[in-house]
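S.K.: give me coordinates for this.
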Amino acid sequence: MAHLALAAEPQYFRGISLQSRMLGFGLRHTVRPMLGLWARLPFDVFPPNLVEHAAKLLPVPEGTRWRTVDLPSGSSEWLQADGVSDIGAGNAQAIVYFHGGAFLTCGLNTHRRLVSRISAAARQPVLNVGYRQMPYESITESVADGVDAVRWMRDQGYRTEDITIAGDSAGGYLAFSVARAVIDQGWGTPAGVVALSPLLDFDPTGKRAHRNADRCQTFPMHAVAKLTDVSLRVDSRRGITARRVDPVNMPLADMPPTMIHVGSREVLMADAELMANRLVSAGVPCDLQVWDRQVHVFQAAASWVPEARLAIHEIGTFVRGLAEQEKARTTTTTIAEPRRRPARASAR
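M.R.: Residues are numbered from 1 along each chain as shown. Below is the predicted model:
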């Protein structure tokens, strides 16, 4: 599995800016060593989610507005970029977004800027979902919170077919898992899935054998394996005995069109390639975009990394295209419906 033959050729974005090089250098010499140390500890340590609290101080793009949404198991937020309307103003499409953070960290504050830029690019409002995380709750509960988020959207008047489900890293796992759960609920098929540097397979075997196993600027391989062990221990503590089905192993033939972004040297490239291969083999359109030497979820650095801004533009184009396709499909279906003939009067 040094190089997986794909059923569809990925789109490769070549070139790397000075800003992106600096970002990669910084992560390689800060975040990666800290994750490596955490992974080698003989016991589980879960420090407070300090990055989420610190992110409250960061500015958001001008004109962004949001309000708290109380879901059954926690708070989320309804966010609109400057100039973006919601269903009350005739905008029938929206996005449900799941933040990353390895199911252990980050939250609404850390991802509000990224979500706002995606809202602006897609011209759609976003439900930025605050879901339960490890070590207190299992990934199964995270998925359940995602389903609650889609239920809330439907209660507001959005059709499932007009909702794009998106996420980064661990949020990419949730994007696919929630889309699968929504379809299985019989609620219809979401417009699409967008996954940025997604974690899609907790089995580390494929990642260990991949050419990027030791090239990732963010995650050492043993930290990825440690996360798998942590997730299993959390399941055990929560009394979950059923084996969790990762997105790469889910039934895929009825999944919606998908866009996947990944950096060319990320350890999670193995997951992205495998998922793209299985989606396309199942007959599902999948746009796999590989970004030259970009770091994990580089899109979050759009304020100063030019490749991040281009990537968000690509996301916006993809999401708007889904909305246009659904509108065309709905219009065609309406036109194709035969007109009813008036009932004949019965003979006397």
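
S.K.: next, the buried residues of stretch 163-177.
M.R.: Neighbour counts using 16 or more other CB atoms under 10 Å place 163-177 of stretch 163-177 among the buried residues. Backbone N, C-alpha and C define where each C-beta goes, glycine included.

S.K.: just the strands in the protein please.
M.R.: For the chain, the strands defined by DSSP state E cover 11-13, 65-71, 74-80, 94-98, 126-129, 163-168, 192-196, 258-263, 286-291.

S.K.: and those strands as a markdown table, adding distance to R154 and mean pLDDT?
M.R.: Shown next, in a markdown table, are those (distance: least, CB to CB, whole Å; pLDDT from 0 to 100):
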| stretch | distance to R154 | mean pLDDT |
| --- | --- | --- |
| strand 11-13 | 33 | 95 |
| strand 65-71 | 13 | 96 |
| strand 74-80 | 14 | 95 |
| strand 94-98 | 11 | 98 |
| strand 126-129 | 11 | 98 |
| strand 163-168 | 8 | 98 |
| strand 192-196 | 17 | 98 |
| strand 258-263 | 21 | 98 |
| strand 286-291 | 26 | 97 |
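
S.K.: dump those strands to CSV, plus distance to R244.
M.R.: Converted to CSV, the strands of the chain look like this (distance: least, CB to CB, whole Å):
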stretch, distance to R244
strand 11-13, 31
strand 65-71, 22
strand 74-80, 21
strand 94-98, 16
strand 126-129, 19
strand 163-168, 17
strand 192-196, 18
strand 258-263, 21
strand 286-291, 23
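
S.K.: show me which of the buried residues of stretch 163-177 is closest to V69.
M.R.: Using CB to CB, I163 is the member of the buried residues of stretch 163-177 that sits closest to V69, with 14.6 Å.

S.K.: neighbours of the residue lying closest to the closest one once chain neighbours are set aside, just the number please.
M.R.: Leaving aside its chain neighbours, I163 sits nearest to P190 (5.2 Å; criterion: CB to CB, 6 or more residues apart in numbering). Neighbour count of P190, defined by other CB atoms under 10 Å: 28.

S.K.: try the one 4 residues further on
M.R.: For V194, the neighbour count with other CB under 10 Å is 27.

S.K.: starting from T105, give me the distance back to it.
M.R.: V194 is 21 Å from T105, where distance means CB to CB, to the nearest Å.

S.K.: residue contacts, the nearest residue to D271 once chain neighbours are set aside?
M.R.: Among residues not flanking D271 along the chain, L200 sits closest, at 4.0 Å (CB to CB, 6+ apart). Listed by CB atoms under 8 Å, 6 or more residues apart in numbering, the contact set of L200 reads G172, Y173, F176, D246, P247, V248, L268, D271, A272, L274, M275.

S.K.: of those - the most surrounded one?
M.R.: Counting neighbours by other CB under 10 Å, G172 comes out on top of these with 31 neighbours.

S.K.: residue contacts, N91?
M.R.: Going by CB under 8 Å, 6+ apart, N91 touches V84, S85, R123, Q124, P125.

S.K.: contacts made by stretch 224-241 with the rest, please.
M.R.: By CB under 8 Å, 6+ apart, the list of residues contacting stretch 224-241 from outside reads 38-39, 44, 102-104, 134-135, 137-141, 202-204, 207-208, 244, 267.

S.K.: quick one, which of those are buried?
M.R.: Listed as buried from the contacts of stretch 224-241 are 38-39, 102-104, 134-135, 137-141, 202, 204, 207-208, 267; burial here means 16+ other CB under 10 Å.

S.K.: quick check, central residue of the chain?
M.R.: Most central in the chain under CA atoms, centre = their mean is G167, positioned 1.7 Å from the mean C-alpha point.

S.K.: that one against F103, yeah?
M.R.: No. Look at G167 against F103 with CB atoms under 8 Å: they stay out of range, at 11.5 Å.

S.K.: give me the number of residues near V126?
M.R.: With other CB under 10 Å as criterion, V126 counts 27.

S.K.: isn't it up against F98?
M.R.: No. Applying CB under 8 Å as the test, V126 and F98 come out as separate, 10.7 Å apart.

S.K.: top helix in this structure by residue count?
M.R.: helix 306-336 (DSSP state H).

S.K.: quick one: contacts for the spatially closest residue to H53 that is not a sequence neighbour?
M.R.: Excluding its sequence neighbours, the residue lying closest to H53 (CB to CB, 6+ apart) is N109, at 7.4 Å. N109 makes contacts with E52, H53, A55, K56, L58, as judged by CB under 8 Å, 6+ apart.

S.K.: export those to TSV and tack on distance to Q93, neighbour count and pLDDT?
M.R.: What follows is the contacts of N109, written out as TSV (distance: CB to CB, whole Å; neighbours: other CB atoms under 10 Å; pLDDT from 0 to 100):
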residue	distance to Q93	neighbour count	pLDDT
E52	29	18	91
H53	33	12	90
A55	27	17	92
K56	29	10	90
L58	28	11	91
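
S.K.: can you redo those residues as CSV with distance to P33?
M.R.: Formatted as CSV, those follow (distance: CB to CB, whole Å):
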residue, distance to P33
E52, 21
H53, 23
A55, 22
K56, 26
L58, 24
